[in-house]
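Chemist: My questions concern the predicted model and sequence given below.
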Amino acid sequence: MSDVILDGESLTPAAVEAVARGGETVRVAESARECLRESRTRVEDVMATDEAVYGLNTGFGSLVNERIPEADIRALQTNLLRSHASGAGRYLSAEEVRAMMVTRVNSLVKGYSGVREVVVDSLVTMLNEGVHPAVRSRGSLGASGDLAPLAHMSLVLLGEGEVLEDGDRVDAAAALAAAGIEPLELEPKEGLALINGTQLTTGLAALVVVDAERALQAADAAGALTTEVTMGTTASCDAAIQAVRPHEGQQATAERIKRLTASSEIVESHRNCDRVQDAYSVRCIPQVHGAVRDALDHLRSAVETELNSATDNPLVFDADRVDSRSSGGESAAILSGGNFHGEPLALRLDYAVNALTELAAISERRTNRMLDPNLQEEHLTPYLTNDPGQESGFMIAQYTAAALVNELRAMGTPSTDNTPVSGGQEDHVSMSGQSALLARTAVENVASVVAVELLAGNRASAFVDDSLAHGVGTGVVRDLLSSAVRPWEEDRPLDDDIELVADLVRFGDLGERLAQAVSERQRE
């Protein structure tokens, strides 16, 4: 296990996952430390003047015009964390908190937030020692950033609030002492810098990206397997069709289905049959999965940018970098702006949820074609049973998939909502935190829907002539599923099987095995 280096420039969704789920430790690059020191010096220079600067010696939100006496400036930062730690709902999981923490550190070390090194070092130590603040999941409006969740996280730095240990809430002061971390006394600007940003949204979005991309890969594999066991054709994935409508995602998906089914004797066995076309759920895999692929690429691009952005307000610059006429009466080195607004992620997260809904919808329709006696091929039995009527087989597994698709369709688009707050000062918000939380649920639902299709496809393969070989990739899928779950021999609960395969989808085991098999095939 190696450290993830945080330099404010190179954090990736994969690295966020490594810290959040894999428990990898983090370290701040020396170059970033120099940026931190320079930024803090600029803040101290401004504090030495009598200038009113938002976040340093004024109130917050609609109280911006309230000037804070010098003797109360440090209390101002502490009060900010205490008052803003007012979320609701379930507590974030450890992986969600860690994702938020690592993205917060990476944003701070860019050197535009004006915090001391000790603030960053305390967060780093908390991450590395497994001190996970108890963070309420609801309360963010996505502008001025994810205030309430970040306040719950940051309050622990002061030895206040609570942390989660094995599901129990523990006093923060005791947890810090056990980890050898001294509680902080915040200096000017630091409380605001800790909570003003998009790090709940960004951390969760990074996990959504990696999970959704895996779900898409698994859906490709499920679709390829369904194509085989329903005696479908891969002619619809021919490169000539894609070339005259060259969307990148469509082309990539078609190529992937062809690779997964390469050398499939099942596909070859009926190439010259009388069936002219497959149903849309099979024939249009390149177009639908491809559109989802393009949507997820769009989200990934925004997340990769946001992971390495400064989302604080105000931001601290070298005076030579800014036009003093744009300073709004503040120091030319400290500018108020709106980088905390989560819209760049909120819109794309909602778009991704819509795309994932369609991925689940087409997967559920393919499952139905394997089960429905009015639609399935002659070699299959109703609901893939041994004794139709006496047994129900996979009937209710398809119900579960349908229920999950219904939930996906009901999720809505939080980014199109707006509730003005703070006396009208913050009159347009993004709701990006809600978008990220819903996207997390969407990925979980899709993984389960795809898991149902994979299980049904694996069961349906038992009705195919066992002398015919599956494709390079579909054979790997069938082998993995057959080794992971008990063969279906008679009616039994399938809930554990669905959860197990959904985890194979979300956490990459299926994708890794497929990538290895296809790579080995290409080297032959």
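Modeler: Arrived safely, thanks for sending. Numbers count the residues shown, from 1 in each chain.

Chemist: Any buried residues in stretch 285-304, and which?
Modeler: By 16 or more other Cβ atoms under 10 Å, the buried positions in stretch 285-304 come out as 285-296, 298-300, 302-304. (C-beta placed from N, C-alpha, C; glycine too.)

Chemist: Show residues contacting stretch 62-80.
Modeler: 52, 54, 56-60, 151, 158, 185-192, 195, 422-426 (Cβ atoms under 8 Å, 6 or more residues apart in numbering).

Chemist: same thing but 10 Å
Modeler: Applying Cβ atoms under 10 Å, 6 or more residues apart in numbering, the external contacts of stretch 62-80 come out as 47, 50, 52, 54-60, 147, 151, 154-155, 158, 160, 184-196, 336, 421-426.

Chemist: Buried among those? Make that a ChimeraX selection.
Modeler: Filtering the contacts of stretch 62-80 down to the buried ones (16+ other Cβ under 10 Å) takes a single ChimeraX command:
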select :47,52,54,55,56,57,58,60,147,151,154,155,158,160,184,186,187,188,189,190,191,192,193,194,195,196,421,426
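
Chemist: Just the contacts of stretch 62-80: which are in helices?
Modeler: Per DSSP state H, helices hold the following members of those: 47, 147, 151, 154-155, 190-195.

Chemist: wait, which of those is closest to A239?
Modeler: L147 (50.2 Å; Cβ to Cβ).

Chemist: Wait, that closest one touches G139, no?
Modeler: Yes - using Cβ atoms under 10 Å, L147 is in contact with G139, at 7.4 Å.

Chemist: so what sits against both of the two?
Modeler: Here L147 and G139 have 84-87, 200, 433 as joint contacts, going by Cβ under 10 Å, 6+ apart.

Chemist: Name the nearest residue to P420, sequence neighbours excluded.
Modeler: Excluding the flanking residues, the one nearest P420 by Cβ to Cβ, 6 or more residues apart in numbering is D427, at 4.2 Å.

Chemist: export the ones in helices among the contacts of stretch 62-80 to TSV and tack on distance to A401 and pLDDT?
Modeler: TSV is the format used below for the ones in helices among the contacts of stretch 62-80 (distance: Cβ to Cβ, whole Å; pLDDT from 0 to 100):
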residue	distance to A401	pLDDT
M47	59	83
L147	38	94
A151	39	97
S154	41	97
L155	42	97
E190	49	95
G191	47	94
L192	46	92
A193	45	95
L194	42	96
I195	40	95
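
Chemist: Just the closest of the shared contacts of L147 and G139 to R245, please.
Modeler: G433 (37.0 Å).

Chemist: So for that closest one, what's the pLDDT?
Modeler: Turning to G433, the model gives it a pLDDT of 94.

Chemist: got a list of what it touches?
Modeler: Contact analysis of G433 by Cβ under 10 Å, 6+ apart lists 87, 137-143, 145-149, 198-201, 204, 342, 345-346, 349, 414.

Chemist: May I see the buried residues of the strand or helix carrying it?
Modeler: Using DSSP states H and E, G433 sits in helix 432-460. Judged by neighbour count using 16+ other Cβ under 10 Å, the buried positions of helix 432-460 are 432-440, 442-460.

Chemist: Okay, helices next: where are they in the stretch 151-300 of the chain?
Modeler: For the stretch 151-300 of the chain, applying DSSP state H, counting those that start in this stretch gives helices covering 172-179, 190-195, 199-229, 239-243, 248-260, 265-268, 280-283, 285-307.

Chemist: Pipe these into JSON lines and attach distance to S113 per row.
Modeler: As requested, these are exported to JSON lines (distance: least, Cβ to Cβ, whole Å):
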{"stretch": "helix 172-179", "distance to S113": "22"}
{"stretch": "helix 190-195", "distance to S113": "4"}
{"stretch": "helix 199-229", "distance to S113": "12"}
{"stretch": "helix 239-243", "distance to S113": "46"}
{"stretch": "helix 248-260", "distance to S113": "37"}
{"stretch": "helix 265-268", "distance to S113": "57"}
{"stretch": "helix 280-283", "distance to S113": "49"}
{"stretch": "helix 285-307", "distance to S113": "15"}
